[in-house]
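Participant: All I have is the shape, not the residue letters:
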Ligand code: SAH
């Protein structure tokens, strides 16, 4: 059992699932990593059942606020069924066989991420509680989805904050998972589940790739931070005149070329450049290159608010250069997946970039993560991806 300091039950009453170490008055019964503990207010009121994590600043994560709940195999089966049926009911399900099945806290399963790539699942156990129930969760996932192959990518940095070592490999089944074929809105992609970034593919950008595709006709397109060519190939499929994709990772570009080959598209209209985006944008500027559509989808520059200042400089830099490269009437689709940069701050960074570039521009659209990445209302941290569609005068 853990007992909170007086007044520190407020966030739990709003159903926020995290309990920070500083909120604890005392811990009773010496719980181990991942053990289920009862959470009580200073007055002794039962508030929740949570997973204890002795090494983390987030000392406990709530499994359930329900009185009389039991955290057992049935609990996980039920939560996973609910997550799976939410996805099955989404319109996206008619257009793709790759979806985020479990989005951690937002699906009531703190620390658990599961992506489905056709008939292969990729699971990440990122908290002490998720780790503790790993076998139960794997069984329930196989049961809920019928997928025989489950690859584990518990190799994310955040595991160390929970005192957990990295782990990767097949947890269930086995097959070659270096090029899992998926379909997204009629486009074929290959996902490197074993060595790719995160779980192999950025599913959160699915709808945004579609929007870029719809905007690309006849345009000269620059896709920065292209990874395996998601936006670049969507733009080509949308009728872009030419596409330049810039990405620093050689293995990602190898998959990008496979992705291109997997679609009936004119490969003569696309070029992949292995380069650092910061340097390459300057090179393009010095060559007086012009584009009608620029996509900026950088990695997380600011995982937390503490890194926001340096991150803001980096975002401003690339957005400023993008504005300079845009032809009049050109479009900028600019993203941030940094949890530490809220949407209003991102907008002001982009505004500052336009100002310093000496251009006028208007927001004509906004982007977020696709619906298979739901944001629980009580957990605003789940709302990490933001983007702006900007037109240059
Ligand atoms: N837009 C992609 C996802 C981008 S993820 C999609 O839709 O699939 C961010 C990518 O930026 C990663 O592939 C990473 O390798 C790349 N990257 C990170 N820093 C970079 C840099 N300085 N220059 C070029 N690419 C970079």
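Facilitator: Arrived safely. Just so it is clear, the model here is predicted, and its values are computed rather than measured.
Participant: Would you list the phi and psi of whatever residue of the stretch 51-200 of the chain ends up closest to the ligand?
Facilitator: Here the residue of the stretch 51-200 of the chain nearest the ligand is residue 197; by CB to the nearest ligand atom that distance is 5.7 Å. (Glycine included, C-beta is placed from N, CA and C.) Main-chain torsions, residue 197, degrees, to the nearest 10: phi -80, psi 150.
Participant: Need the pLDDT of it.
Facilitator: Residue 197 carries a pLDDT score of 97 in this model.
Participant: That one touches residue 230, doesn't it?
Facilitator: No. Shown here, residue 197 and residue 230 do not form a contact pair, counting by CB atoms under 8 Å, at 11.7 Å.
Participant: In terms of neighbours, single out the busier of those two.
Facilitator: Neighbour comparison, residue 197 and residue 230: the larger count goes to residue 230, with 26 against 15 (by other CB atoms under 10 Å).
Participant: gap between the residue lying farthest from the centre of the chain and the ligand?
Facilitator: Outermost residue of the chain with respect to the C-alpha centroid, by CA atoms, centre = their mean, is residue 43; its distance is 38.8 Å. With distances taken as CB to the nearest ligand atom, to the nearest Å, residue 43 is found 47 Å from the ligand.
Participant: can you check residue 359 too?
Facilitator: 23 Å.
Participant: now residue 227
Facilitator: Taking CB to the nearest ligand atom, one finds residue 227 at 3 Å from the ligand.
Participant: If we ignore the residues flanking it in sequence, what's nearest the residue in the chain that the ligand sits nearest to?
Facilitator: At 2.8 Å from the ligand, residue 230 is the closest residue in the chain, using CB to the nearest ligand atom. Setting aside the residues directly before and after it, residue 230 is nearest to residue 209 in space (CB to CB, 6 or more residues apart in numbering), at 5.3 Å.
Participant: ok, that neighbour - how many residues close by?
Facilitator: Counted with other CB under 10 Å, residue 209 comes out at 26.
Participant: Quick one: name whatever helix or strand follows the helix or strand harbouring it.
Facilitator: Assigned by DSSP states H and E, residue 209 belongs to helix 206-215. Reading on from helix 206-215 to the C-terminus, the next helix or strand found by DSSP H and E is strand 220-224.
Participant: circling back: can you classify the residue farthest from the centre of the chain as helix, strand or coil?
Facilitator: Counting by DSSP: H, G, I helix; E, B strand; the rest coil, the backbone at residue 43 sits in coil.
Participant: quick one: it from residue 31, how far?
Facilitator: Residue 43 sits at a distance of 21 Å from residue 31 (criterion: CB to CB, to the nearest Å).
Participant: Same question for residue 104.
Facilitator: Distance from residue 104 to residue 31, by CB to CB: 22 Å.
Participant: Settle it for me: which of the two has more neighbours?
Facilitator: Higher neighbour count among residue 104 and residue 31: residue 104, with 24 against 19, using other CB under 10 Å.
Participant: just to revisit the earlier point, what packs against the helix holding residue 209?
Facilitator: Here helix 206-215 touches helix 230-237, strand 291-296, strand 326-336, strand 361-367, strand 386-392, going by 3 or more CB pairs under 8 Å, 6 or more residues apart in numbering; DSSP states H and E.
Participant: give the contact list for the nearest residue in space to residue 73 that is not next to it in sequence.
Facilitator: Of all residues not flanking residue 73 in the chain, residue 136 sits nearest, at 5.1 Å (CB to CB, 6+ apart). Residues in contact with residue 136, defined by CB atoms under 8 Å, 6 or more residues apart in numbering, are 72-73, 76.
Participant: Compare those residues and tell me which has the most neighbours.
Facilitator: If you count neighbours using other CB under 10 Å, the busiest of the contacts of residue 136 is residue 76, which has 22 neighbours.
Participant: Tell me if it really is in a helix.
Facilitator: Yes. Under three-state DSSP, residue 76 sits within a helix.
Participant: Now do the helices in the protein.
Facilitator: Applying DSSP state H to the chain gives helices spanning 10-13, 73-88, 128-132, 134-145, 206-215, 230-237, 250-261, 277-286, 308-325, 343-357.
Participant: tell me the most buried of these?
Facilitator: Each of the helices of the chain was scored by mean neighbour count; the highest is helix 230-237, a mean of 27, by mean count of other CB atoms under 10 Å.
Participant: Which one of the contacts of residue 136 is nearest to residue 253?
Facilitator: In terms of CB to CB, no member of the contacts of residue 136 lies closer to residue 253 than residue 76, at 38.5 Å.
Participant: if I pick the closest residue to that closest one other than its chain neighbours, what's in contact with it?
Facilitator: Nearest non-adjacent residue to residue 76, counting by CB to CB, 6+ apart: residue 140, 4.8 Å away. Residues near residue 140 by CB under 8 Å, 6+ apart: 73, 76-77, 80.
Participant: gap between residue 140 and residue 44?
Facilitator: Shown here: residue 140 relative to residue 44, a distance of 33 Å by CB to CB.
Participant: per-residue confidence at residue 218?
Facilitator: Model confidence at residue 218, given as pLDDT, is 98.
Participant: Number of residues surrounding it?
Facilitator: Each residue near residue 218 was counted by other CB under 10 Å, and the total is 10.
Participant: Quick one: residues contacting it.
Facilitator: 239-241, 292.
Participant: For residue 224, see how far away it is.
Facilitator: In terms of CB to CB, residue 218 sits 20 Å off from residue 224.
Participant: Can you say which of the helices and strands packed on helix 206-215 is packed in most?
Facilitator: The most buried one of the helices and strands packed on helix 206-215 (mean count of other CB under 10 Å) is helix 230-237, showing a mean of 27.
Participant: how much does that helix deviate in direction from helix 206-215?
Facilitator: On the basis of axes from the mean of the first three to the mean of the last three CA atoms, to 10 degrees, helix 230-237 is oriented at 30 degrees to helix 206-215.
Participant: one step back: what is the orientation angle of the helix holding residue 209 with strand 220-224?
Facilitator: Going by the same axes, to 10 degrees, helix 206-215 makes 160 degrees with strand 220-224.
Participant: how far out from the middle of the chain is helix 206-215?
Facilitator: With CA atoms, centre = their mean, to the nearest Å as the basis, helix 206-215 stands 17 Å off its chain's centre.
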